[in-house]
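# the sequence and its predicted three-dimensional model are supplied below.
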Amino acid sequence: METSKEIAHTLFQIMTKGEDIPPADLICASFQESGTIYLALVKLNYRSSYIRKISKENAGTVTRLTSRLVQTENYDYTQAANQLSNHEIDAFFCTAGTKTTIIEELAKECPIRLLSLNETCLKKLMASSPSYIHYTIPANTYTGQDKEVTTIGVKSILLASDDLSEDTVNIITKALFEHNKDLQYATSLNLALNETSATKDITLPFHKGAASYYKEKKITVSTK
């Protein structure tokens with residue numbers, strides 16, 4: 001037992017100092033040669049697209065992928081879904097509303113798993129921009145997704161030209177909120193249309209026509 005602990009400790013020290021060591025499975029085996037028993041450590045490397053970085057944190061030992069050895073590509077939603085189903089990529093990020101058709105169709109086509117963002121990642125992302133909000137994708141939103149997924153949400157903003165008149169923009173803004181149920185029925189996305197959430201943490205200036213509508217609702221927004 002003590003020998004095993006010593007070996008494990010030595011290997012851990014090597015791994016924490018050697019970030020460039022290729023990740024692998026490690027086989028421990030004993031063999032006998034000329035009457036002498038030896039201990040063999042056989043390292044079977046993973047494929048080169050993966051790397052693990054081991055560090056000690058308050059929660060214990062943490063293993064992560066290091067970003068510098070993760071190959072990234074830029075695809076649209078359809079391309080990314082096709083690449084994943086064909087095993088050309090291992091994962092992709094998708095910024096879209098729920099329920100997104102391309103994700104649902106992919107889930108029906110092949111087994112996929114939606115991954116939650118951990119608390120550390122969430123805090124860093126939300127601290128980087130007021131546009132990010134905490135969001136939970138409910139369980140069973142997608143085929144095979146039996147657990148809720150913790151992630152972030154990004155607000156969608158309707159941009160209006162300064163050339164539009166105040167009356168026109170006021171009418172458009174009013175129509176969006178008065179017909180929010182009709183808009184929800186027309187899409188599979190989970191729309192959150194209310195005046196309070198629509199104006200919260202928006203850093204861009206509001207069109208004067210939109211500002212006049214919100215003023216009617218006792219909400220003050222910046223037009224500069």
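Yep, that arrived. Residues are numbered from 1 along each chain as shown.
# which stretches of the chain have low pLDDT?
For the chain, residues meeting the criterion pLDDT under 70 lie at 18-19, 23, 45-70, 188-190.
# next, count neighbours for the residue lying closest to residue 84 once chain neighbours are set aside.
Sequence neighbours aside, residue 92 is the residue nearest to residue 84 in space, at 6.1 Å (criterion: CB to CB, 6 or more residues apart in numbering). (Glycine included, C-beta is placed from N, CA and C.) Residues near residue 92, counting by other CB atoms under 10 Å, number 15.
# send me the helix of greatest length in the chain as CSV with only the CA atoms.
Determined from DSSP state H, the single longest helix within the chain is helix 2-17. Extracted C-alpha coordinates of helix 2-17, given in CSV (Å, rounded to 0.1, in the frame of the first residue of the first chain):
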residue,chain,number,x,y,z
GLU,A,2,2.7,2.5,0.9
THR,A,3,4.6,1.7,-2.3
SER,A,4,1.5,2.4,-4.3
LYS,A,5,1.0,5.7,-2.6
GLU,A,6,4.6,6.7,-3.3
ILE,A,7,4.3,5.8,-7.0
ALA,A,8,1.0,7.7,-7.3
HIS,A,9,2.5,10.7,-5.6
THR,A,10,5.6,10.7,-7.9
LEU,A,11,3.4,10.4,-11.0
PHE,A,12,1.2,13.2,-9.9
GLN,A,13,4.2,15.5,-9.3
ILE,A,14,5.4,14.7,-12.8
MET,A,15,2.0,15.4,-14.4
THR,A,16,1.5,18.7,-12.7
LYS,A,17,4.9,20.0,-13.8
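# quick one, strands of this structure?
Taking DSSP state E as the test, the strands found in the chain are 24-33, 36-45, 52-57, 60-65, 132-137, 149-154.
# residues contacting the last one, please?
Among residues not part of strand 149-154, those counted as contacts by CB atoms under 8 Å, 6 or more residues apart in numbering are 95, 114-117, 122, 125-126, 131-137.
# same thing but at 7 Å, please
With contact meaning CB atoms under 7 Å, 6 or more residues apart in numbering, strand 149-154 is reached by 95, 114, 116-117, 122, 125-126, 131-137.
# okay, now residue 151: neighbour count?
By other CB under 10 Å, the burial measure for residue 151, its neighbour count, is 19.
# please apply the same query to residue 10.
10.
# gap between residue 125 and residue 13?
Distance, residue 125 to residue 13, using CB to CB, to the nearest Å: 33 Å.
# now residue 162
62 Å.
# just to revisit the earlier point, so the residue nearest to residue 84 is in contact with residue 79, correct?
No: because the distance of 9.2 Å does not satisfy CB atoms under 7 Å, residue 92 is recorded as not touching residue 79.
# quick one on the thing from earlier: comparing residue 125 and residue 13, which shows the higher neighbour count?
residue 125 (14 against 10).
# surely that one touches residue 133?
No: using CB under 7 Å, residue 125 is not in contact with residue 133; the gap is 10.2 Å.
# kindly check the end-to-end length of stretch 137-150 for me.
End-to-end distance for stretch 137-150: 7 Å, by CA to CA, to the nearest Å.
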